[in-house]
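**Student:** sequence first, predicted coordinates after that:
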Amino acid sequence: MSNVTFTVEELGLRDITLKNMPRLQRMRDRHFDGKPAICTELPRNITTFWKEKLAKLPDKDDSPELKAGKLYQYVMERKEAIIAQDNLLAGTTTTKPLGVLLYPDLYPLCIWPELETIGTRKKNPFDITPAQIKELNSVIFPYWLDKGTIMEATRKALKESDQECAALQERLVYYLVSKPECISHTIPHYGMVVKRGLADIIREARKEEDKPGKSKEQKDFYRAVQLALQGIITYAGHLADEADRQAGMAQNQERRDELQEISRICRKVPAAKPETFHEALQAIWICKIALHQENANLALSLGRLDQILYDLYAEDIKKGHLTPEKAVELVGCFWLGIADHVPMIPEAGEELFGGSGSNQAITLGGVDRDGKDAVNDLTYVMLKATELLVLRDPNVNARYYPDVNPPEYLQRLCEVNITTKATPCFHNDLAVIDTLKSQGVTEQDARDYGVIGCVEPFSAGRTFGHSGAILFNLTSALERTLFGGKHRLTKDELIGEQTTPAVQMNSFDEFQGALKRQLGWLIDRAVTFNNYCGRTHQQMHPCPMLSALMEGCMEKGQDVLMGGATYNFSGAAMIGLADVVDSVTAIQEFGFPHNGNAMAKMIAAIESDWGEGYRDLYAKVKNSSHKYGTDSPLAKDNAKWLMEFLHNTFQSKEHYRGGKYTVGYWTMTNHAGFGMLTGALPNGRRKGESFASGITPVSGSAPVLPACLNFIAGLDHTKITNGQALNLKFPPTATTTPALLSQTIQGYFLKADRSPGGLQVQFNIMNRQKLQEVTQDPGSPEYRDLLVRVSGYTAYFKDLNPQMQQEIINRAEYDLGTKQEIRYPYYERKEEPEPEPGLVARVVTGLGNIVRYVGNWFGELIHRTPAPIRDFLKMLEDKSTGDFLEGLLHFMEFRLEDPLHLDPEYHKNIAKFQGTYRFQDQKSNIETVVSFADGKMRINPDNPPPADLTVTFQDGDCLRNFLLPSPTPKRDFLKKDIMKSILNHEITVEGNLNLLYKFGYLANHLILHPLP
Amino acid sequence: MTAAAPLIFDIRRYALDDGPGIRSTVFLKGCNLRCLWCHNPESIDPQPEIGFYPRDCINCGDCVEACPVSACQLENPARIDRGKCTRCGDCVKVCPGQALRLLGCFYAVDELLEIIIRDRMFYEVSGGGVTLSGGEPTLFMDYCAAVLGPLQDLGLHTAIQTNGLFDWREFKEKVLPLLDLVMLDVKLADGNLHREYTGRDNALVWANLEGLLKEKPDAALPRIPLIPGFTATKGNLEAISRRLQDLGVRKCALLPYNPTWFSKAESLGKPIDVRLSPHLMTPGEVAACREIFSRAELIIH
């Protein structure tokens, strides 16, 4: 029986528009008018709990699980109950309309240096109040500086032989293990919330706890689940109280009725099993809020809500309690709730993850556990809400099972894609299910997959997949292979595996072997580091709420982090696939078959950034027909062995909670970020250019659309176990119709022998001109909601960093009218970025700012202020003589120690602070030890204690760039680029990074407020 | 008499304008007409030709060194002195940027089928298929038949684009049974003008169209190229529409003028008749042409 009662004409629900949905219109306007604001409620509650509550006996001897249970009960009980204006669903993720969540034991300390500038930074600033700055700086961060974050705890746990794992992570060019930030890439089982209710889960936990034969760990786990879920129920009660309170004050009867209904619902769910569609949405929403207090808001995904909620929807419709219009409105409220928070991103992170929302994927359509068409009316209701609101979160993923799901469904998906320009993306059930089965997932569970984060499909609600565990830069292994174990950006640094430099190699086989060795070594390091981090999480951050809503954990009595879920994986995302395959093919074609110095010429060409002297080789490489994304057998073969090697290597690795490592090809914005930092490559890619995104061919290299689709469809999907993002761009012309788009998808999803084709595809329906217009006028309200697919998730184009914007502008665009990929002029030199203003100019601007800051008595300041300030200002001016660091430190000392200029507020920063820093340059010309203890700052003390943190820098300028705060509209002179500092090997840091964040704050504050 | 082994100068995949659905269109080289406005100037000569594409040239001079007859000169903006060029292709082999390209390659039938079949799924899901075009594909009926047969066996939609100048009996016997769609170009109603602008009389075109309509009416689609000043005149279009009506034709297609082929002619060093417009037709001009056919109750495809 079909679950679709709409006629084909009705599928688009065309009568429902934002005009006749004034509530959604208002809420949407407010959403886009809002600026993200830092919320300190969660870190405050967590910190207070650890500091005050848990410091007492006997709790301090609790197991990590039990502590976590108590923690989240405490957090939920103290969470402020807020009902957003107009909303039909109660509860907010933070106390702000658009909040930035901070998780104190994860990664927030890295914004310490930026606290005073994060509100005014150029890209994606966050509102922050002086009171919040004070609270974070003086209460919350110092506590975690002492107690330790996941990263620092992991660093301490590293064996001597594994120290390089953290070093490689901090070089940024090799891999990024995300566990220090989050473990969120997963889908909780919201079906449990809808089909059972939390009270029933608590009952089960109590029963299990009391069963004989349970270990202490299991008992603690069940206890923790009960406590944490009880906390959620208490929070729901608070929401009901708040609804009552607001109802008492409501100006009109309609809103009063709504609030009374909200109150009724929140007293019932999520404790009890919901009995209406509205109740079920509210129950899921409250649980979603709770889960975000426990785990970072990065890719904690929603699963198959059109399936989970359908029965209640259909029942309500049948009873006449609900109409499709009302359902769209409720889903819209839910969607806007999902979008009510953004992840905390420090400025350097903007380079890599800029513009990212929270990537909460939702999955629609597909087949049910028995393989039958699961598309239902609610699928279309949710698509309508998506089409009306055009939000980056939730990230909408549509499943399509060729020959099982109806063609009009696919056509409707395409229509929504064309209207919204960027969503949903399309997953091929046939290929995904086959892939999951190859990973040991049962057929029924495989059919019940949902998409996590960007594009990663896993059986929903029963897999702890942590699909975003490792971001792996493939091109860094290529670099190491070309240059004998060195990376051009870290210059002469030799870490790990040494292979013969490519110029000395004699055959392609030798090259291939070396590349495999370099890849194998890097994979081993990344996986090892992930395992360490995973074990730290087990000790520091158990997840009772997530575990309660994950199939398998209750049966086993085990937290998700310990391997409680039915299926366990950790996922790696490969960055730079097409560039590496094309480079390998270019080396095969032009590096080896010729005698003599072919390889030397290739290396020289890339070292010259494909300079003028190599135009012939460049033309040959660029025009070669052997490219990833064409019919070239050579390219196909290189993609094949490379992907097989990656798959086999990752899968062979030991996994800390007994699962497998999976390999995917999606890149978020990392192909732009890593690209920025990578030199020219043998495939003709120039220094600093973005890599091709996801699994997509290099722009300009795959001119024939069906050949490109066939190439990707021809890759072995069972070797792509962690999802893929194929990014294509079509201009919005009359030719780009839903019908044609859906035919294109169908032709790509199914091979002629009816075997599965490509796993996934996503489209931006956009042209170059339009995007270029946005970059000219990013502030225009017209563009504030212009949605694009990055490489996996969706983002607002204006939020992306310039490099990422350029990548999307240049991305392969197939004009369906001319059947051609639109080509850009040949040998187009990338425009050199405008030279940065020289130091003198920066200082002049800086001094100008200080003039403004201190008013008219600047002249007086110069002449009459004490020597340290004068020295400091002079030091800013004079790069060659004045050593920046010395000046800074003495100024700091002056402000902290000089009785006349002592700033009591500033002094509080070091009142209880203990820590010793060693700053040195690479040539050991400068060596300064700064020690903080007993409320005193001492420079080069006589008997310095061992350093907690050693910072080695090339010169004063590097340190200045590294330490000083972000560029703001007014303070360009404070430009810094942490990424470049690290990547250019200008700075190396050894020890507790959190100490550096603290020092960064001290330094920045001093420069922003040079006078008391 | 048909030649056995034509050269192919392009295989356009994901074609959307050469019949229903998503298609691959195969362009055979060689034509028995010399239309003044030929949009595919590389399609006329059955022999290989060398095209020069200045945008891709990096001025390396390798072609100058490679040319045995000194036809390539960097100073020559057209690069090749066509009077001297023997089309040996040595310059194409050394050109690093593919600024010099050899137009026209031989494909064995199996080789061509393999390429066509790569996109089979796109044809299947869209109701598309394969179109043979040219040049004039009916100059190579045996080859066409050899290609079309297996495609028909696979259940793919097959089509041909022809100028209508072919031997009816051979066409009917060898090719027509393998075709779902015959796009036959009707250019000029007046025989003298037809001779003047295309080099051949049009009596055979009309006769073949009549035969086609009798034999396989559902497969017939007359197409009228709209060339301003030549075919897109009121008199010519009215005459064609009357004649089509008389033949019982119900639908036809109009092909609006598109001067983008100018650059193709330049790449081959071929002259462009000065009477030809360098502009696209305006929507109004196209609408006026359509109007003539609508009045004759012809459905414009």
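**Tutor:** Arrived safely, thanks for sending.

**Student:** who in chain B is up against chain A?
**Tutor:** Residues of chain B lying close to chain A (Cβ under 8 Å from any Cβ of the partner chain) are B:12-16, B:21-22, B:55-56, B:58, B:60, B:62, B:96-98, B:115, B:117-122, B:124-126. Quick note: C-beta positions are derived from backbone N, CA and C, even for glycine.

**Student:** 7 Å instead, please
**Tutor:** For chain B, the residues in contact with chain A (Cβ under 7 Å from any Cβ of the partner chain) are B:12-16, B:22, B:55-56, B:58, B:60, B:96-98, B:118-122, B:125-126.

**Student:** contacting residues for residue 258?
**Tutor:** If you meant another chain, say so; for now it's chain A. A:E258 makes contact with A:L88, according to Cβ atoms under 7 Å, 6 or more residues apart in numbering or on different chains.

**Student:** try chain B instead
**Tutor:** Neighbours of B:N258 in contact, by Cβ under 7 Å, 6+ apart: B:39, B:280.

**Student:** that one and chain A, how far apart?
**Tutor:** Relative to chain A, B:N258 is positioned 11 Å away (Cβ to the nearest Cβ, to the nearest Å).

**Student:** so that residue sits in a helix?
**Tutor:** No - read with DSSP: H, G, I helix; E, B strand; the rest coil, B:N258 is coil and lies in no helix.

**Student:** now, the residues of chain B next to chain A that are in helices?
**Tutor:** B:120-122, B:125-126 (DSSP state H).

**Student:** list the buried ones in the strand or helix carrying A:L515?
**Tutor:** A:L515 is part of helix A:508-540 when elements are defined by DSSP states H and E. For helix A:508-540, the neighbour count (16 or more other Cβ atoms under 10 Å in any protein chain shown) marks A:508, A:511-512, A:514-538, A:540 as buried.

**Student:** and that helix, what does it pack onto?
**Tutor:** In terms of contact count using 3 or more Cβ pairs under 7 Å, 6 or more residues apart in numbering or on different chains; DSSP states H and E, helix A:508-540 is assigned the packing partners helix A:150-157, helix A:163-171, strand A:175-177, strand A:470-473, helix A:474-482, helix A:633-651.

**Student:** got the contact list for the shortest one?
**Tutor:** When you say that, I think you mean strand A:175-177. A:168-169, A:469-473, A:522, A:526, A:529-530, A:533.

**Student:** let's go with 6 Å and repeat that
**Tutor:** Residues outside strand A:175-177 that contact it (Cβ atoms under 6 Å, 6 or more residues apart in numbering or on different chains) are A:169, A:470-472, A:526, A:529-530, A:533.

**Student:** still on that earlier bit, and the helix or strand that the helix holding A:L515 is followed by, average pLDDT?
**Tutor:** Counting by DSSP H and E, the element after helix A:508-540 in chain order, helix or strand, is helix A:544-548. Over the span of helix A:544-548, the pLDDT mean works out to 98.

**Student:** so B:L28, which state does it fall into?
**Tutor:** strand.

**Student:** number of nearby residues for it?
**Tutor:** Neighbours of B:L28 under the rule other Cβ atoms under 10 Å in any protein chain shown: 26.

**Student:** I'd say it and B:G135 touch.
**Tutor:** Yes - counting by Cβ atoms under 6 Å, B:L28 touches B:G135, with 4.7 Å between them.

**Student:** what about the chain, any weak spots by pLDDT?
**Tutor:** You didn't pick a chain, so chain A it is. Along chain A, the model assigns pLDDT under 70 to residues A:1, A:57, A:351-353, A:491-493, A:593-596, A:816-884, A:900-901, A:924, A:955-985, A:1010-1012.

**Student:** um, chain B though
**Tutor:** Ranges of chain B meeting pLDDT under 70: B:1-4.

**Student:** partner strands of whichever strand or helix holds A:P457 and their direction?
**Tutor:** Assigned by DSSP H and E, A:P457 falls within strand A:456-459. Strand A:456-459 sits in its sheet next to strand A:449-452 (antiparallel), going by DSSP bridges.

**Student:** how far does the strand it pairs with sit from its chain's centre?
**Tutor:** What separates the centre of strand A:449-452 from the centre of its chain is 17 Å, taken as Cα atoms, centre = their mean, to the nearest Å.

**Student:** one more: stretch A:272-285?
**Tutor:** On Cα atoms, centre = their mean, the centre of stretch A:272-285 falls 29 Å from that of its chain.

**Student:** show me the contact partners of that stretch.
**Tutor:** The contact list for stretch A:272-285 (Cβ under 6 Å, 6+ apart) reads A:89, A:91, A:190, A:193-194, A:196-197, A:265, A:269-270, A:309, A:312-313, A:316, A:322, A:330, A:334, A:337.

**Student:** next one: stretch B:197-209
**Tutor:** Here stretch B:197-209 makes contact (Cβ under 6 Å, 6+ apart) with B:33-36, B:164-165, B:168, B:184, B:191, B:194-195, B:230.

**Student:** would TSV of those residues with secondary structure and distance to A:A84 be doable?
**Tutor:** Formatted as TSV, the contacts of stretch B:197-209 follow (DSSP: H, G, I helix; E, B strand; the rest coil; distance: Cβ to Cβ, whole Å):
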residue	secondary structure	distance to A:A84
B:L33	coil	72
B:R34	coil	74
B:C35	coil	69
B:L36	coil	70
B:G164	coil	70
B:L165	coil	74
B:W168	helix	77
B:L184	strand	66
B:G191	helix	79
B:H194	helix	75
B:R195	helix	79
B:F230	coil	68
